[in-house]
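Peer 1: A predicted structure for the sequence below; I have some questions about it.
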Amino acid sequence: MLPNPQRTTLGPDPTHRTHALNGYAFQQDALHTFNGWQYACFYSSLAGSEEPLFVHLSRRKLPDGPWQTLVFDDYPQKVDDGHNTVQLGICPGDGTIHLSYDHHCDVLRYRHSVVGVATSPNEISSWDRELFTTTQSSLPGLSSPETDELLSYITYPRFVAWGLDLLFTFRTGKAGLGDDHLCVYTATDNTDTAKTSKTGNSKKDTYGYKFLGTHLKGVLNNPYIHGLDVSPSPPSNENNPTLHTTWVYRAFVPYDGWDDPLDTKHKTQAGPNSAFNNHDICYAWSADDGGGAAWRNSNNTVIADLGKGESILPSAEGITAFEIPKGSGLTNQEAQAVDYDGGVHVLNRDSLDDDGVLRWRHYYLSPDKTWKRRKVPHVPGMCGGKRGQLAVSRDGDLYLVLPHHAESVLTILRASKAGAYVDYEVVWRGEGFPPTEPLVDKARLVHDNVLSVFTRGFRAEEEGRDSGSSRSRCVDVVVLDFQL
């Protein structure tokens, strides 16, 4: 069993709203470690008022420094929609911190810090929003009618470090009818000697984003990715990362007014294009120096070259890992992780057993390129229930962080590398955590072997209460640190 974690509080959670905003599986990342410091982003209100909400960005020096928090009080967040989360990225090449927030088929909302904030954190004497730009509706370096149109209607932004650079991906379109796009931020030169970025460019005279292409294109459907992850590299292999993504498709059902450019019915989080239409689990990977420009299937066949204007289509050869019919309980954007041996782990759920019971599943692509599907015990799966999270420790063990769909309980399972990820052991279970989709700081797990979990928790004075919904109780955004 894991020892009880060290718990720290980031700030109060806005439980007065209908839809939570802190803790969704598609927030990549909301908690991230870089260069000995940990960063977290979340929404909260200002003291003395419930509305509006503001993006908060916290940092602390590891292993146990106090949180320092700045508030972007120049941008009020007013829309009660669980899609409109905030996520951060850090560019290793120049130490800039990037934030994207408040989207559900909306124009881009983005800002970034000055150079060196994350690479020289001890030199930052005043942690405040003056280190950052104001909210921008475009990405620096991108200026064309085509990219402006794409950035006018985005959802689910994600940042992923790639060598010295930073990838940015997002969806355009709507549920059941959309595409995923990929950009790369090339680091500025903040050293005396120009370095070469992973995309092959000199840092000295380059700055900003480049549009790589539409890597996942829907055809009367849209892909929902479980994640976009670079394989964790031991010191002997740091210069050869591989980019992995898995996804489900959601088929589109036309409805009255769906083709109206001003249509907003799809934003109601209900209707014909629900998770009922999710089907199949698919996989692709990229290992080229273009940061995801050329994509392959599990048989090592190139299925899309973004440099040639190609995209991964639903008809692409060899992308389907599991054929799962619509109506089988498959959710979207749950979780994925990549281990040191190149194995790919996916967390989702289906009801394909003979008894028809919906269960959490661990779908595993082993290094020999064989897919396996296993039931996850100990925590019940639930159609529409909160999504869980996966992470791989420095020792190669797989951790599954699973919320209960109705109770305020958080459970952590471990599937060991030595046991070929076959058995799932309960290593911790705690109460006082209202149903939330937990997030994991994968970078800290790789470097420090500490499992840092971002979630929501009842305040200490609330833990003894047996009744009342989370909306009527005091809830904080918290980080749980488990030393493995």
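Peer 2: Sure thing, it's come through. Bear in mind that the values here come from a model prediction, so they are computed numbers and not experimental data.
Peer 1: so what pLDDT did the residue nearest to R459 when sequence neighbours are not counted get?
Peer 2: In space, and not counting its chain neighbours, R459 is closest to C474: 4.4 Å by Cβ to Cβ, 6 or more residues apart in numbering. The C-beta positions use only the backbone N, C-alpha and C, and glycine is treated the same way. We have a pLDDT of 94 for C474.
Peer 1: residues near C474, how many?
Peer 2: 14 (other Cβ atoms under 10 Å).
Peer 1: Test my guess that it contacts P14.
Peer 2: No: in this structure, C474 is not within contact of P14 by Cβ atoms under 8 Å, at 11.6 Å.
Peer 1: Once you drop chain neighbours, what's closest to K372?
Peer 2: Per Cβ to Cβ, 6+ apart, closest to K372 is Y364, 4.7 Å.
Peer 1: Please save the CA atoms from the host helix or strand of that neighbour in CSV.
Peer 2: Per DSSP states H and E, Y364 falls inside strand 359-365. Provided in CSV are the C-alpha atoms of strand 359-365 (Å, rounded to 0.1, in the frame of the first residue of the first chain):
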residue,chain,number,x,y,z
ARG,A,359,-16.6,-2.1,-17.0
TRP,A,360,-13.4,-0.1,-17.1
ARG,A,361,-10.9,-1.6,-19.5
HIS,A,362,-7.2,-1.5,-19.9
TYR,A,363,-6.3,-1.8,-23.6
TYR,A,364,-2.6,-2.5,-24.0
LEU,A,365,-0.3,-2.4,-27.0
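Peer 1: what does that strand contact?
Peer 2: Here strand 359-365 makes contact (Cβ atoms under 8 Å, 6 or more residues apart in numbering) with 246, 281, 283, 298, 321-322, 343-351, 353, 371-376, 379-381, 388, 398, 400, 402, 415, 421, 424.
Peer 1: Which among these count as buried?
Peer 2: When the contacts of strand 359-365 are checked for burial by 16 or more other Cβ atoms under 10 Å, the buried set is 246, 281, 283, 298, 321-322, 343-351, 371, 373-374, 376, 379-381, 388, 398, 400, 402, 415, 421, 424.
Peer 1: Of those, which belong to strands?
Peer 2: Mapping these onto strands (DSSP state E) picks out 246, 281, 283, 321-322, 344-350, 371, 373-374, 398, 400, 402, 415.
Peer 1: Need the phi and psi values for K442.
Peer 2: phi -70, psi -30 (degrees, to the nearest 10).
Peer 1: since we're on it, how many residues are nearby?
Peer 2: By the criterion of other Cβ under 10 Å, K442 has 26 neighbours.
Peer 1: OK, contacts around the nearest residue to it once chain neighbours are set aside?
Peer 2: Excluding the flanking residues, the one nearest K442 by Cβ to Cβ, 6+ apart is A391, at 5.3 Å. By Cβ under 8 Å, 6+ apart, A391 lies in contact with 337, 398-399, 401, 440, 442, 445, 451.
Peer 1: quick check, nearest of the residues you listed to Q77?
Peer 2: V440 (24.3 Å; Cβ to Cβ).
Peer 1: So the closest one is in contact with V453, correct?
Peer 2: Yes: using Cβ under 8 Å, V440 is in contact with V453, at 5.9 Å.
Peer 1: what residues do these two have in common as contacts?
Peer 2: 389, 401.
Peer 1: just for the stretch 251-400 of the chain, where's the confidence low?
Peer 2: Counting by pLDDT under 70, the stretch 251-400 of the chain has low-confidence residues at 269-270, 288-291.
Peer 1: what do you get if the cut-off is 80, keeping everything else the same?
Peer 2: The stretch 251-400 of the chain contains residues with pLDDT under 80 at 268-271, 288-292, 384.
Peer 1: Run a quick check on T69 versus V55, I expect a contact.
Peer 2: No: with contacts counted by Cβ under 8 Å, T69 stays clear of V55, the gap being 10.8 Å.
Peer 1: neighbour count winner among those two?
Peer 2: Between T69 and V55, V55 has the larger neighbour count (other Cβ under 10 Å), namely 25 against 16.
Peer 1: doesn't G89 make contact with Q27?
Peer 2: No: the criterion here is Cβ under 8 Å, and Q27 misses it with G89 at 11.6 Å.
Peer 1: so R444, which of the three states?
Peer 2: helix (DSSP: H, G, I helix; E, B strand; the rest coil).
Peer 1: residues near it, how many?
Peer 2: 21.
Peer 1: How about the contacts made by it?
Peer 2: Going by Cβ under 8 Å, 6+ apart, R444 touches 33, 38, 62, 450, 452.
Peer 1: The residue nearest to K372 pairs with what?
Peer 2: Per DSSP bridges, the residues bridged to Y364 are H345, K372.
Peer 1: Mind listing residues that contact the helix or strand where I412 lies?
Peer 2: In the assignment (DSSP H and E), I412 maps to strand 409-415. Contacting residues not belonging to strand 409-415 are listed as 2, 362, 376, 378-379, 397-404, 421-431, 433, 438, 451, 453, 455, 482 [Cβ under 8 Å, 6+ apart].
Peer 1: Render the CA-only coordinates of stretch 13-26 in PDB, please.
Peer 2: C-alpha atoms of stretch 13-26 as PDB (Å, rounded to 0.1, in the frame of the first residue of the first chain):
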ATOM      1  CA  ASP A  13     -13.200  25.300  -6.300                       C
ATOM      2  CA  PRO A  14     -16.300  27.100  -7.800                       C
ATOM      3  CA  THR A  15     -18.800  24.600  -6.700                       C
ATOM      4  CA  HIS A  16     -21.700  27.000  -7.200                       C
ATOM      5  CA  ARG A  17     -21.700  26.400 -10.900                       C
ATOM      6  CA  THR A  18     -23.700  23.600 -12.600                       C
ATOM      7  CA  HIS A  19     -20.500  22.400 -14.500                       C
ATOM      8  CA  ALA A  20     -17.200  21.800 -12.800                       C
ATOM      9  CA  LEU A  21     -14.200  23.500 -14.500                       C
ATOM     10  CA  ASN A  22     -11.300  22.000 -12.500                       C
ATOM     11  CA  GLY A  23     -10.400  18.400 -13.200                       C
ATOM     12  CA  TYR A  24     -11.300  17.000 -16.600                       C
ATOM     13  CA  ALA A  25      -9.500  14.100 -18.400                       C
ATOM     14  CA  PHE A  26      -8.800  16.300 -21.500                       C
END
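Peer 1: What's the end-to-end length of stretch 59-71?
Peer 2: With Cα to Cα, to the nearest Å applied, stretch 59-71 spans 12 Å between its terminal residues.
Peer 1: How far does it sit from its chain's centre?
Peer 2: Here stretch 59-71 is found 21 Å from its chain centre; the criterion is Cα atoms, centre = their mean, to the nearest Å.
Peer 1: which other residues reach it?
Peer 2: Residues from elsewhere that reach stretch 59-71, judged by Cβ under 8 Å, 6+ apart: 6, 8-11, 33, 36-40, 46, 54-58, 121-122, 127-129, 131, 444, 448, 450.
Peer 1: filter those to the buried ones?
Peer 2: By 16+ other Cβ under 10 Å, these give 8, 10-11, 33, 37-40, 54-58, 121, 129, 131, 444, 448, 450 as buried.
Peer 1: Just the residues you listed: which are in strands?
Peer 2: Going by DSSP E, the strands hold 8, 10-11, 33, 37-40, 54-58, 450 from the buried ones among the contacts of stretch 59-71.
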